[in-house]
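Chemist: need coordinates for the below:
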Amino acid sequence: MRILITGGGGFIGSHIAEFLAQKDHSYKIHVIDNLSRAKLLNPDTSKKFTYNWQYLKKYTNITFYKKDLRDFVFLKELIKNKNFDIIFHTAGQTAVVNSLKFPYLDFENNVIASINLLEAVRISNSKSKLILCSTNKVYGDNVNNINLIEKELKYEINDRYIDGVPEDFKIDLCHHSPYGTSKLCSDLYFQEYGYSYGLDTNIFRISCVYGPRQFGVEAQGWLVHFIISALKNQKITIYGNGKQVRDILYISDLINAFNNLIENNIKNEVFCLGGGKRNSISILELIIILEDLLNKKITYKLADWRAADQLAYISDISKAQEILKWSPIINPKEGIEKTLKWYKLNINLFK
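Modeler: The predicted model follows:
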C-alpha cells in the first residue's frame, strides 16, 4: 500500500506515519512537510519543531520530502508517479491568532494547499482515498448560540445539543476568524470534489487532540502548552474566564478512528471527531487536574477573550460511533497523565 501524509513532520501527521510504519512494514509511506511551523508560530526557538521529522527517520519504510504544498508542479508529479492508495491531509496553518495577523498566509497554507492536492489527484485519475483533518472551528461562533448554564468551573450545555455539535450544525452567518474560514473552505472543497468529480474524500472535524510529541504553544495546542508551562513554573495566561469547555481526544484514539475508516472502506463522509461529552473539560478543570498530578499550585492570569472563541464546544460523536464502530478509550485523567509523563522525560526540549 502506498500512503502519502501531508504535514508529516507535525503532531498528527507524524503519529499517523508512525502507526502505519509499524502496522505493516510493506507499506510505502511518503511524508511531505515544509517545516514552517516554527516560522508561522514564531516561537523562541525553532529546533524543537523538527523533532517529529527527525523522529520518523528511524523507520525505513518512510520517504521524506521537504517541500511546500503550494508547489503544484511538484505535487502533481509526485501523485501522478506514485499513485497513492491513501492520502492524509494534515498540513496547514493551525493558529487562530496567526490567521488574524497574517490572513493571506493562512489562506495559502490552508485553501491553496488543499485545492492543489485535490487537483493533483483529480488530473492524475488516481483512485486515492483522501482524508482531511478539518476542525471544529468551521462552525465559528454559531456554537455560542447554544444555551449554556454557567457553573463555578465550567459552562454546561442546556438544550438539544446536550450531546454535542453534530455534523449538520450551522456553519455560516457568523464570526469564524480567518483560520476558521480557511479551514471551512478547505472542508467544503474536499466535499465538493467528492460530489463533482467522484473523488473518495472523507473529512474529520477534529476537536482538541493532545498527547506526546505535540509542541503546543500559546497560540495553538493549549492543553500541552499548559503542561509545558506548569513544568517550567511559568505563569499561564487564560483568555476569558477559564470556564470554556472542549472535548479532548488523546492521539491514539484519533489514530484508531483513522484506522477504522480505512479498514471499513468508508467513503465520502464527514465526521465530528473529539472526545465527546464524557471527555469534555474546562480550562479551570484542567488546571485542577495538573495541580493534583504535579502536587503544586499553578499560577495563571486572566486576559480578554480571543476573537470568535467558542464558550463550549463538544463534538457529537454518535455518527462516528455508528459508522466507524469507534469510541474514545482514553479518559482525560489517564490521557493527561500519559502526556505529562512524556513531557517530564523530555523537558530539555523546551528549555
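
Chemist: does residue 4 count as helix, strand or coil?
Modeler: At residue 4 the chain is in strand, as set by DSSP: H, G, I helix; E, B strand; the rest coil.

Chemist: show me the contacts for it.
Modeler: By CB atoms under 8 Å, 6 or more residues apart in numbering, the contact set of residue 4 is 30, 31, 32, 78, 79, 82, 84, 86, 87, 88, 128. Any C-beta I mention is one placed from the backbone N, CA and C, and that applies to glycine too.

Chemist: repeat the analysis, applying 6 Å as the threshold.
Modeler: Each residue near residue 4 by CB atoms under 6 Å, 6 or more residues apart in numbering is listed here: 30, 84, 87.

Chemist: quick one: those residues as CSV, columns for neighbour count too.
Modeler: Formatted as CSV, those follow (neighbours: other CB atoms under 10 Å):
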residue, neighbour count
30, 21
84, 24
87, 25
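
Chemist: just those: which are in strands?
Modeler: Per DSSP state E, strands hold the following members of the contacts of residue 4: 30, 87.

Chemist: in the stretch 151-300 of the chain, which spans are helices?
Modeler: Under the criterion DSSP state H, counting those that start in this stretch, helices of the stretch 151-300 of the chain are mapped to 177-197, 222-231, 251-263, 283-294.

Chemist: reformat those as TSV; add distance to residue 304, mean neighbour count and mean pLDDT.
Modeler: Formatted as TSV, these follow (distance: least, CB to CB, whole Å; neighbours: other CB atoms under 10 Å; pLDDT from 0 to 100):
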stretch	distance to residue 304	mean neighbour count	mean pLDDT
helix 177-197	15	20	98
helix 222-231	16	22	96
helix 251-263	31	19	98
helix 283-294	15	17	97
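
Chemist: quick one: closest of those to residue 162.
Modeler: Checking these against residue 162 by CB to CB gives helix 283-294 as the closest, at 18.4 Å.

Chemist: how about residue 118: what's its closest non-neighbour residue?
Modeler: Distances taken as CB to CB, 6 or more residues apart in numbering place residue 193 nearest to residue 118, at 4.7 Å, with adjacent residues excluded.

Chemist: distance check, the one you found against residue 225.
Modeler: Relative to residue 225, residue 193 is positioned 34 Å away (CB to CB, to the nearest Å).

Chemist: low-confidence stretches in the protein?
Modeler: For the chain, applying pLDDT under 70 flags the ranges 38-48.

Chemist: at 50 what do you get?
Modeler: 45 (pLDDT under 50).

Chemist: residue 81: neighbour count?
Modeler: 9 (other CB atoms under 10 Å).

Chemist: the strand or helix carrying it: which residues count as buried?
Modeler: Residue 81 belongs to helix 72-82 when elements are defined using DSSP states H and E. Residues of helix 72-82 classed as buried by neighbour count (16 or more other CB atoms under 10 Å): 72, 74, 75, 76, 78, 79, 82.

Chemist: packing partners for it?
Modeler: For helix 72-82, the packing partners by 3 or more CB pairs under 6 Å, 6 or more residues apart in numbering; DSSP states H and E come out as helix 113-124.

Chemist: ok, residue 216 touching residue 225?
Modeler: Yes - between residue 216 and residue 225 there is a contact under CB atoms under 6 Å: 4.0 Å.

Chemist: tell me the contacts of residue 206?
Modeler: So residue 206 contacts 133, 135, 273 (CB under 6 Å, 6+ apart).

Chemist: same deal with residue 184?
Modeler: So residue 184 contacts residue 138 (CB under 6 Å, 6+ apart).

Chemist: can we see that at 10 Å?
Modeler: The contact partners of residue 184, by CB atoms under 10 Å, 6 or more residues apart in numbering, come to 110, 111, 134, 135, 137, 138, 139, 140, 171, 172, 176, 205.

Chemist: ditto for residue 246
Modeler: Each residue near residue 246 by CB under 10 Å, 6+ apart is listed here: 136, 207-208, 222-223, 274-275, 279-283, 286, 310, 312-315.

Chemist: could you dump the helices of the stretch 151-300 of the chain to JSON lines with distance to residue 66?
Modeler: As requested, the helices of the stretch 151-300 of the chain are exported to JSON lines (distance: least, CB to CB, whole Å):
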{"stretch": "helix 177-197", "distance to residue 66": "22"}
{"stretch": "helix 222-231", "distance to residue 66": "25"}
{"stretch": "helix 251-263", "distance to residue 66": "24"}
{"stretch": "helix 283-294", "distance to residue 66": "35"}
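
Chemist: circling back: common neighbours of residue 216 and residue 225, please.
Modeler: With CB under 10 Å, 6+ apart as the test, residue 216 and residue 225 both reach residue 210.

Chemist: which stretches in the stretch 1-150 of the chain count as helices?
Modeler: Secondary structure of the stretch 1-150 of the chain (DSSP H, counting those that start in this stretch): helices at 11-23, 37-41, 51-55, 72-82, 96-101, 103-107, 113-124.

Chemist: right, I'll call it a day here.
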